[in-house]
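>>> when you get a sec, could you give me coordinates for this:
(chains A and B)
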2 protein chains.
Amino acid sequence: MDVILLSHGAGGREMGELIRRVFLSAYGPADFVADDSAVLHLAAGPLAFTTDSFVVSPLFFPGGDIGRLAVAGTVNDLLTAGARPLALAASFILEEGLPVETLSRIAASMAATARECGVSIVTGDTKVVPRGAADQVFITTAGVGQILRPGISGSALRPGDAVLLSGTVGDHGATVMLAREGLLEGVELTSDAAPLTGMVLGLLSAGLAIHALRDPTRGGVAAALTELARQSQVAIEVEEDRIPISPAVAAACEALGLEPLQVANEGKMLVVLPEAEAEAALEIMRRSPYGERAARIGRVLEGPPGRVVLRTGLGTSRLLEPPAGELLPRIC
Amino acid sequence: MDVILLSHGAGGREMGELIRRVFLSAYGPADFVADDSAVLHLAAGPLAFTTDSFVVSPLFFPGGDIGRLAVAGTVNDLLTAGARPLALAASFILEEGLPVETLSRIAASMAATARECGVSIVTGDTKVVPRGAADQVFITTAGVGQILRPGISGSALRPGDAVLLSGTVGDHGATVMLAREGLLEGVELTSDAAPLTGMVLGLLSAGLAIHALRDPTRGGVAAALTELARQSQVAIEVEEDRIPISPAVAAACEALGLEPLQVANEGKMLVVLPEAEAEAALEIMRRSPYGERAARIGRVLEGPPGRVVLRTGLGTSRLLEPPAGELLPRIC
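Reported below is the predicted structural model:
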């Protein structure tokens, strides 16, 4: 069993062997059931439920891989609802000919990321398509979490709120872009792919009056803030000087002609809450290994509704918009 | 907006337009949230959680399409846990160049199938890959359901149990196979793709002591029964003469050299329960439009553990095994 064959997706003996050898050995059999549905025993109360597909190319890059992304991405989406992520489902679409060793590395990375943030991968699926009908491996994760603080939503922003960002922008997108083009040699770029469970649960357990959480993935901080402004029918003002960015990402974006605020992050969180609680929140965020450079980057204004304005260091301001056009395909 | 572009997956304006125009208009905006996670308010008690990817080719076939499959498949997996299916997540991987009209037809079919069985599509994701990196459209659905009767599991079979099947075997697999080869003209074949919510909730609410439910998809009845026998460490004996099969499926399998019991179904359920309750269960199953040909096809024996034996009409018997080898790629 060196490469994936069509028979690995046919529902028979070979599929059973693949599941046992690759997935169960990585996830740990205790987390997995032989039935077609997993059974979850949760405390009463509202649940968060989400899904994301991952098609990143290349599969492995500095700081992560498609498996780490697939776990962290869905975990972070659950966190944005004020939920404690509990259980994940992982579904694979494999191209015939994929080395089994590649799949094993990905499964091991998923298991390690899941352990890091205390979620279990409890169910899954595997399909195989003929050579050329997919590109190596696509993963779709879905997740369930227990909502600890109801009401946290992109539609809950209020004028006067502070907008916090947990760290530097653009690391993931810039890293994958340069990795794909073979331009990473000698460049200090690393994806930020990470599950932010510790940081967000820390904020929630501190009892802060968080209005919204949003992870700025595809489309970057610009797209995430625009969505928040539209959902809440408010304006957001961001100060360019306060936005953390690494010199390497700034240089890469300059070279590639990209706006760093439109570049994807995979381990960052936007936190919106009353101005009076901003400092307390920043302190908690900075205690996380993924939040050392957390910063207050802006504030919420009454209007015009849906508008995000960037104030530059020169004192000018311009509209910050979600990216239009192709930008960065297969970034996550 | 006639075809899918890479920009439709970039997290910006075009993606928002696609979601509004194709998905929200089909699912109905009430079911969908703008936040990254949906919020579910369920009654207390255990939950079923499952996922499946769908890569069927062709996308449309008599009796269904990839969208109907994606909803029915996940709904049926939730039902096998004795759960009432409540909420689905739907994630799309699209190939650049896919006609938007094709995607709209698929979304409409998903919405119609979801309405038919009373589940809501509450969250989702869309990725676009360049031409040639995927084949048209892949869908992954995940689902959450409320378990009405705990303990229903493939590991709960007991010697003496009756094995019931809700209808004819092989309809889905044979239909897709012939559709793919362009051999359907003049043939009376239709996929059985259907959500079995009505039938299974009927069985559950009747208070029958159901031990196991299993939908015989990839690998067919043979693979499903083998899994059940292995999970419960029992043997299963099946009588060939009692297995419902349509003449068209029998002829197609004969022509293609397939064992009909190894061919996929997408709207059938295996029900295992005490012999004394078999007739009552069959009556309920036959009331469903998808269960008119429900039959008692076999029984559970003490051993040898994991073995499924088929007794033929000639009085001989042979081992019934899950398919080995490629069989039918991209059948679901």
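>>> could you check the pLDDT of the spatially most central residue of chain A?
When Cα atoms, centre = their mean is applied to chain A, the residue found nearest the centroid is A:Gly73 (3.2 Å). On pLDDT, A:Gly73 comes in at 98.
>>> same check on A:Leu327?
The model reports A:Leu327 with a pLDDT of 64.
>>> repeat that for the one 5 residues further on.
We have a pLDDT of 92 for A:Cys332.
>>> cool, and A:Ala108?
Note on A:Ala108: pLDDT of 97.
>>> hmm, it is touching A:Ala26, no?
Yes. Using Cβ atoms under 8 Å, A:Ala108 makes contact with A:Ala26 at a distance of 5.0 Å. (Glycine included, C-beta is placed from N, CA and C.)
>>> looking at these two, which is more packed in?
A:Ala26 (20 against 16; other Cβ atoms under 10 Å in any protein chain shown).
>>> the more buried one contacts A:Leu103, correct?
No. The pair A:Ala26 / A:Leu103 is not scored as a contact, 9.5 Å apart, by Cβ under 8 Å.
>>> A:Gly207 and A:Leu148, how far apart?
For A:Gly207, the distance to A:Leu148 equals 11 Å [Cβ to Cβ, to the nearest Å].
>>> so between these two, which is more surrounded?
Shown here are A:Gly207 and A:Leu148; by other Cβ under 10 Å, A:Leu148 has more neighbours (18 against 10).
>>> what's the closest non-adjacent residue to the more buried one?
If the residues on either side of it in the chain are set aside, A:Leu148 comes closest to A:Leu204, at 5.1 Å by Cβ to Cβ, 6 or more residues apart in numbering or on different chains.
>>> so what's the one you found up against?
A:82, A:148-149, A:210 (Cβ atoms under 8 Å, 6 or more residues apart in numbering or on different chains).
>>> what does A:Glu101 give?
By Cβ under 8 Å, 6+ apart, the contact list for A:Glu101 reads A:Asp2.
>>> which element is it on?
Taking DSSP states H and E as the criterion, the element that holds A:Glu101 is helix A:100-117.
>>> show me how far stretch A:120-130 is from its chain's centre.
Here stretch A:120-130 is found 20 Å from its chain centre; the criterion is Cα atoms, centre = their mean, to the nearest Å.
>>> now do it, average pLDDT.
Per-residue pLDDT over stretch A:120-130 has a mean of 95.
>>> and for stretch A:147-166?
Here stretch A:147-166 scores 97 as its mean pLDDT.
>>> give the buried residues for it.
Applying a neighbour-count criterion of 16 or more other Cβ atoms under 10 Å in any protein chain shown, one finds A:147-149, A:152-157, A:161-166 buried in stretch A:147-166.
>>> ok, stretch A:271-290 next?
A:271-274, A:277-278, A:281-282, A:284-285, A:288, A:290.
>>> so how far is stretch A:84-101 from its chain's centroid?
On Cα atoms, centre = their mean, the centre of stretch A:84-101 falls 16 Å from that of its chain.
>>> quick one: buried residues of that stretch?
Neighbour counts using 16+ other Cβ under 10 Å place A:84-96, A:98, A:100 of stretch A:84-101 among the buried residues.
>>> do stretch A:198-218 as well
A:198-204, A:208, A:210-218.
>>> mind listing what's buried in stretch A:1-12?
Going by neighbour count (16+ other Cβ under 10 Å), the buried part of stretch A:1-12 is A:4-12.
>>> would it count as contacting chain B?
Yes. For a cut-off given as Cβ under 8 Å from any Cβ of the partner chain, stretch A:1-12 has contacts with chain B, namely A:5-7, A:9-12.
>>> ok, now stretch A:314-323?
Yes. Contact between stretch A:314-323 and chain B, assessed by Cβ under 8 Å from any Cβ, occurs at A:321-323.
>>> ok and the helix or strand containing the residue nearest to the centre of chain A relative to helix A:100-117, angle-wise?
Here A:Gly73 sits within helix A:66-79, counting by DSSP H and E. Relative orientation of helix A:66-79 versus helix A:100-117 (axes from the mean of the first three to the mean of the last three Cα atoms, to 10 degrees): 30 degrees.
>>> which helices and strands does helix A:66-79 pack with?
Contacts defined by 3 or more Cβ pairs under 8 Å, 6 or more residues apart in numbering or on different chains; DSSP states H and E place helix A:66-79 against strand A:47-54, strand A:83-95, helix A:100-117, strand A:137-147, helix A:197-205.
>>> and with 10 Å instead?
strand A:47-54, strand A:60-61, strand A:83-95, helix A:100-117, strand A:137-147, helix A:197-205, strand A:212-214, strand B:120-129 (3 or more Cβ pairs under 10 Å, 6 or more residues apart in numbering or on different chains; DSSP states H and E).
>>> can I get that helix in PDB, CA atoms only?
Below are the C-alpha coordinates for helix A:66-79, written out as PDB (Å, rounded to 0.1, in the frame of the first residue of the first chain):
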ATOM      1  CA  ILE A  66      -3.300  21.200   4.800                       C
ATOM      2  CA  GLY A  67      -4.100  19.000   7.900                       C
ATOM      3  CA  ARG A  68      -3.200  21.700  10.400                       C
ATOM      4  CA  LEU A  69      -5.200  24.200   8.400                       C
ATOM      5  CA  ALA A  70      -8.200  21.900   8.300                       C
ATOM      6  CA  VAL A  71      -8.300  21.500  12.100                       C
ATOM      7  CA  ALA A  72      -7.400  25.100  13.000                       C
ATOM      8  CA  GLY A  73      -9.700  26.600  10.500                       C
ATOM      9  CA  THR A  74     -12.800  24.900  11.700                       C
ATOM     10  CA  VAL A  75     -11.800  25.200  15.400                       C
ATOM     11  CA  ASN A  76     -11.300  29.000  14.900                       C
ATOM     12  CA  ASP A  77     -14.700  29.300  13.200                       C
ATOM     13  CA  LEU A  78     -16.400  27.600  16.200                       C
ATOM     14  CA  LEU A  79     -14.500  30.000  18.600                       C
END
